[in-house]
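In: quick one, structure for this:
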Amino acid sequence: MDPHLLRTFTAVARLRSFSAAARELGYTQSAVSQHIAALENDLGAVLLRRRPVTPTPVGARLLEHAEPLLLRLDAARADIARLTAEPAARLVVGAAPTALTGRLAAALAGLRRRQPLLDVTVRVLGRGAVVGGVTAGQLDAGLVDGAAAPGDPLNLAETAPPVALAVAEEPLAVALPAGHPLAGRAGLGLADLSEARWIDAPGTALPLARLRTVSGTEGFRAALRYDGADVRGLLALCAAGHGLAVLPAAALAGAPGVHAVPVAAPRLVHRTEILHATSPAEPVALLAAALRAAPPAPREANRPHTEPGDDTRAGAGA
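Out: Down below sits the predicted model:
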């Protein structure tokens, strides 16, 4: 299969439009149609229904293979480029919204003092986009986060970058509107909140599907979905009573109208990891070292602070 044809196919399937795919890829609509026809001829199967534009069952199966294949091709190209490129004078870091903390800001400040001419860009992206961006070489490093048992690595995609290092493990808390009946509790068990009103905010808070998994409980139905990347926007919705959310306790500090109650059960932490290639450029290596050496965030009252284990893993996340 020609990778160029495969890229055109995934764009059309994702955008559900030949014309939109042509605009995104910089082709004419006629060229996009020719690419799809050539791929269908090569495979001997119809991949897309035309009106409306949707994948056929065969096309849906091809999509399952296509996206990881194309990501691997991008990763191979980026890996070769890193080995043959001149030493980097720039650093592009991707960070999930709740992974973008003062720890990263301080580490970047220290790095720029050591390399004042370094051109630094920080991109706030969804967790999946950070993983894919580092794998494909579009990001030099990435910060991702999520809930995990203390000392356990994050469960990343199979196509994750080869190196993932723990940066921090910090408490998780439930965001409640001020005046909520549970706001005075010393801690809350997630299973006891399964029937509460929740905001599904997968880009900024723990996704509700993840809450079901870690609590071993059904429920956690969304009263509202928030697709933004701004933590303050999510907390404003919590304060207004639209629902609860679980976030790192540090993200809730000082939020107006919101009370943070520590997650008491199950035993979880908010874990942050830095992702990069096996042989990172000097700025990436220095950034990773600075992040891992940074002092912990201020401890929340009555909550123990856990330090990350010294773990490195290859390939798929555990």
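
In: longest single helix anywhere in the protein?
Out: The longest helix of the chain (DSSP state H) is helix 57-84.

In: dump whichever strand or helix holds residue 167 to CSV, restricted to CA.
Out: Using DSSP states H and E, the element containing residue 167 is strand 163-170. C-alpha atoms of strand 163-170 as CSV (Å, rounded to 0.1, in the frame of the first residue of the first chain):
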residue,chain,number,x,y,z
VAL,A,163,11.2,6.7,27.0
ALA,A,164,8.7,7.7,29.7
LEU,A,165,10.1,9.0,32.9
ALA,A,166,8.2,9.8,36.1
VAL,A,167,8.3,13.5,37.0
ALA,A,168,5.9,13.8,39.9
GLU,A,169,3.2,11.9,41.9
GLU,A,170,0.8,14.2,43.7
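
In: list the helices and strands the helix or strand that that strand is followed by packs on?
Out: Toward the C-terminus, strand 163-170 is succeeded by strand 172-177 as the next helix or strand (DSSP H and E). Strand 172-177 sits against helix 231-239, strand 245-248, helix 249-252, strand 258-265, with contacts defined as 3 or more CB pairs under 8 Å, 6 or more residues apart in numbering; DSSP states H and E. Where you see a C-beta, it was placed from the backbone N, CA and C, and this is true even at glycine.

In: go through those and pick out the most buried.
Out: strand 245-248 (a mean of 26; mean count of other CB atoms under 10 Å).

In: picking up where we left off before, any chance of the helices and strands packed on strand 172-177 in a markdown table with distance to residue 286 and mean pLDDT as columns?
Out: Formatted as a markdown table, the helices and strands packed on strand 172-177 follow (distance: least, CB to CB, whole Å; pLDDT from 0 to 100):
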| stretch | distance to residue 286 | mean pLDDT |
| --- | --- | --- |
| helix 231-239 | 27 | 96 |
| strand 245-248 | 25 | 96 |
| helix 249-252 | 24 | 92 |
| strand 258-265 | 33 | 96 |
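
In: residue 20: which of those is closest?
Out: In terms of CB to CB, the element of those nearest to residue 20 is helix 231-239, at 27.8 Å.

In: could you list the low-pLDDT ranges of the stretch 51-200 of the chain?
Out: Under the criterion pLDDT under 70, the flagged ranges of the stretch 51-200 of the chain are 82-88.

In: try 90
Out: Within the stretch 51-200 of the chain, the segments meeting pLDDT under 90 span 51, 66-90, 100-103, 112, 114-117, 126-128, 132, 135-137, 155-162.

In: returning to what we had before: could you please name the strands whichever helix or strand comes after the longest helix of the chain pairs with and the direction of each pair?
Out: Using DSSP H and E, the helix or strand that follows helix 57-84 towards the C-terminus is strand 90-95. In the sheet, strand 90-95 lines up against strand 119-124 (parallel), strand 141-148 (parallel) (DSSP bridges).

In: doesn't residue 8 belong to a helix?
Out: Yes - per DSSP: H, G, I helix; E, B strand; the rest coil, residue 8 lies within a helix segment.

In: that one contacts residue 37, doesn't it?
Out: No - applying CB atoms under 8 Å, one finds residue 8 not in contact with residue 37, separated by 10.5 Å.

In: looking at those two, which one has more neighbours?
Out: residue 8 (25 against 12; other CB atoms under 10 Å).

In: ok, the more buried one - contacts?
Out: Neighbouring residues of residue 8 by CB atoms under 8 Å, 6 or more residues apart in numbering: 21, 25, 27, 32, 35, 36, 39.

In: swap the cut-off to 7 Å and go again
Out: With contact taken as CB atoms under 7 Å, 6 or more residues apart in numbering, residue 8 is in contact with 21, 25, 32, 35, 36.

In: re earlier: deepest in the core, which of the strands paired with strand 90-95 is it.
Out: The highest mean neighbour count among these, using mean count of other CB under 10 Å, belongs to strand 141-148: a mean of 25.

In: still on that earlier bit, off-centre distance for the longest helix of the chain?
Out: The chain centre lies 19 Å from the centre of helix 57-84; the measure is CA atoms, centre = their mean, to the nearest Å.

In: got it, and stretch 242-257?
Out: Centroid separation for stretch 242-257 versus its chain: 19 Å, with CA atoms, centre = their mean.

In: noted, bye for now.
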